[in-house]
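Participant: the following comprises the amino acid sequence and a computationally predicted model.
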Amino acid sequence: MELLLVAAIGGALALDATSAGQFMVSRPLVAGALTGWVLGDPAQGLLIGAVLELYLLVSFPSGGSRFPEGPTATVVAVATAGAMAGPGSVPTGVAMGLVLGHVGGMSISLLRRLNGRFVPDAPGASPRRLVASHLLALGLDFARGAAITLAGVLVGRLAAPHAVAAWPLGEGDSAGLLLVGGAVSAGIMLRSLGGFRRRRLLFTAGLALGLIGIRLLS
Amino acid sequence: MSRVPRGALWSSFARSFLIQGSWNYRTMQGSGFAFALLPALRSIFRGRPGELDASVARHAEHFNAHPYLSNLALGAVVRLEADGEDGDDVRRFKTAVRGPLGGLGDSLVWASWLPAVSLAALALYWLGAPGWLAVATFVVVYNVGHVGLRAWGFRTGLAEGRWVGRSLGRAALGKWTERVRSAAALLLGVLAGTVLAGTGGLADAGPTWGVLGVAAFVVGDLAGHRLWRPTAVVVVVVVAVLATWGWAS
Amino acid sequence: MPLVLLRVDERLIHGQVVLGWGSALRPDRYIVVDDQLAESGWEQDLYRLGAGDGDTFFVGVAEARERFPEWRAGAERSILLTRDVGTMLALARGGLLAGESVNLGGLHHRPDRKQVLTYLNLSDEEMHQLASLDAEGVAVSARDLPDAARVTLRSLLGS
């Protein structure tokens, strides 16, 4: 039952990423919090979502290019990690998520190729055929997201207990490892914002604000 | 202005949220564009099924733009079709409009607005704000911009028809992009500070992790996008090796 | 070198041209030669959006032929664009573009065209027009972006 629910969440959030809505509730931060809440551990879901959001900061569903799929990856990451307690659960979940993001991205490309076969082109596009094929494509995308999620969670839950039980690092080192990877992404973000001198000044000002903020709050 | 009833306009606007539902490499957004347009076309060509079919077929041809800004083209096409414009003229309009709408939208929304709001939410999270607050901030703030842009586009398209270029020029989306990017740079700094020094952050993990994190940031800044995939691969491999090595011992 | 690029590209002013070629060549202005666009204010508004802060103007073939020597001698760096091969050939007639190079950017799929490169589709008529361009003393080659490989006319027509 829980597996079906998780798969349905994966399918629904996958739709939001490109096909329907694009309210960006499919972003890892939201998807992680939602999945964690449904599975009974909102804090862990949010942490995994935040880490994956950091990784996927510089990735977005632009045009025809291939991109890693965030929502299914995040749902799988949270469901994998949630199956096990211990400091290894979050890194194992995040790693599963990064792999699944790649698999999800490939499946989107495949579906887009498949869509091209039945979506009507100019002369054959009667209103009825147009609506039918559009709804079919939406249904297929939901099914794709749900299937990828289901497969990912099954594999993740099979492998995770071993990995998590044997995890050699403590809580702090595990977080450190993941955040160093995320720091690369943040660096790429700064570069992609362009406008070098001005943006770097702003970044430095923000850095100071952040450090002061943390000091004041702690 | 246009003689299309409100109901049909609302229906087309609502369907615009599904404009990428049948995205494909052949016609890209073409079929989705025609799908969103359909309620308006049905009311424009009421009692003229032959013309309706011809119009739907024309609009199912290749089209692509940023999904939010596509609404400018959608609104304008409703106006052009309602005014009884020639099919070839409408096609010329779509050909000319797709380029700027794609370019402006990608840089404004995907490369600026989305990361800026995302950075703000992440900074809140690592500052120690309640999780629901970070998530709610992201969803609400992001979508005020998102839905606002779609609604503005549709209305502007309806009002201006083929002259949307003037409004787009006046809206100075390029300037907004630059402003949002500056805000994103500031927010990225705040986030870096909180991830470095916050609870559960790099400094908590130990000084070595802190130094490594700063180094990783600088390397990412110097190398740019091409480093994204290698980084993900390295993290996955390190986690896999640790898990297996720990398991064996 | 006031005319820094002459290019045939169906999309005219778009990302590849502005970001790719624009950042390499640093033009002061874009000149679009097209009889239909020169008369169409709303289309000009749309294409102009792609150029950002760059100065952009639209002229018909006859006016372009008249002003070409002035552009070539002027101090401003210009990128000149047409959206089809025919317009470039009309501009080149009588050896007006002799000694210049023409770059082929994007021409999309159409039923009467066959694919020559990923970004370039040509009809039989366009192949002939390219050969005529060559006969007018123009060096024709295809390259979508400045750091991509240049494909010569001979290998384009040979394929």
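Facilitator: Everything's here; your move. Please read all numbers here as calculations on a predicted model, not as lab measurements. Residues are numbered from 1 along each chain as shown, chains lettered A, B, ... in the order given.
Participant: the residue nearest the centre of chain A and C:Leu19, how far apart?
Facilitator: Chain A has A:Gly70 as the residue nearest its centroid, 2.3 Å off, counting by CA atoms, centre = their mean. A:Gly70 sits 26 Å away from C:Leu19, going by CB to CB, to the nearest Å. Heads up, the C-betas are built off the backbone N, CA and C, glycines and all.
Participant: can you list the residues of chain B near chain C?
Facilitator: Where chain B comes near chain C, counting by CB under 8 Å from any CB of the partner chain, the residues are B:92-93, B:96-97, B:99-100, B:103-104, B:162-166, B:168-169, B:174.
Participant: same thing but at 10 Å, please
Facilitator: With CB under 10 Å from any CB of the partner chain as the criterion, chain B meets chain C at residues B:26, B:62, B:76, B:89, B:92-93, B:95-104, B:106-107, B:160-169, B:173-174.
Participant: thinking again about what came up before, hmm, the residue nearest to the centre of chain A is touching A:Leu54, no?
Facilitator: No - counting by CB atoms under 10 Å, A:Leu54 is not a contact partner of A:Gly70; they are 11.7 Å apart.
Participant: what's the overlap in contacts for these two?
Facilitator: Jointly contacting A:Gly70 and A:Leu54 under the rule CB atoms under 10 Å, 6 or more residues apart in numbering or on different chains are A:28-29.
Participant: packing partners of the lengthiest helix in chain B?
Facilitator: Assignment by DSSP state H gives helix B:131-160 as the longest helix of chain B. When contacts are defined as 3 or more CB pairs under 10 Å, 6 or more residues apart in numbering or on different chains; DSSP states H and E, helix B:131-160 packs onto helix A:28-39, helix A:42-55, helix B:6-15, helix B:70-82, helix B:87-105, helix B:114-127, helix B:164-171, helix B:173-197.
Participant: what do you get if the cut-off is 7 Å, keeping everything else the same?
Facilitator: helix A:28-39, helix A:42-55, helix B:70-82, helix B:114-127, helix B:164-171 (3 or more CB pairs under 7 Å, 6 or more residues apart in numbering or on different chains; DSSP states H and E).
Participant: distance of the closest residue to chain C within chain B from C:Arg143?
Facilitator: With CB to the nearest CB as the measure, B:Gly165 is the residue of chain B nearest to chain C, at 2.7 Å. With distances taken as CB to CB, B:Gly165 is found 29 Å from C:Arg143.
Participant: neighbour-wise, which of these two wins?
Facilitator: B:Gly165 (24 against 19; other CB atoms under 10 Å in any protein chain shown).
Participant: so the more buried one makes contact with C:Ser40?
Facilitator: No - applying CB atoms under 7 Å, one finds B:Gly165 not in contact with C:Ser40, separated by 10.7 Å.
Participant: show me the shaky parts of chain A.
Facilitator: In the predicted model, chain A carries pLDDT under 70 at residues A:61-66.
Participant: hmm, try it at 80
Facilitator: A:60-66, A:121-125, A:164, A:195-196, A:218 (pLDDT under 80).
Participant: biggest helix in it by residues?
Facilitator: Every helix in chain A considered (DSSP H), the longest is helix A:127-166.
Participant: just list what that one packs against, helices and strands only.
Facilitator: Short answer (3+ CB pairs under 7 Å, 6+ apart): helix A:127-166 packs on helix A:2-17, helix A:70-82, helix A:89-118, helix B:30-44, helix B:49-59, helix B:228-248.
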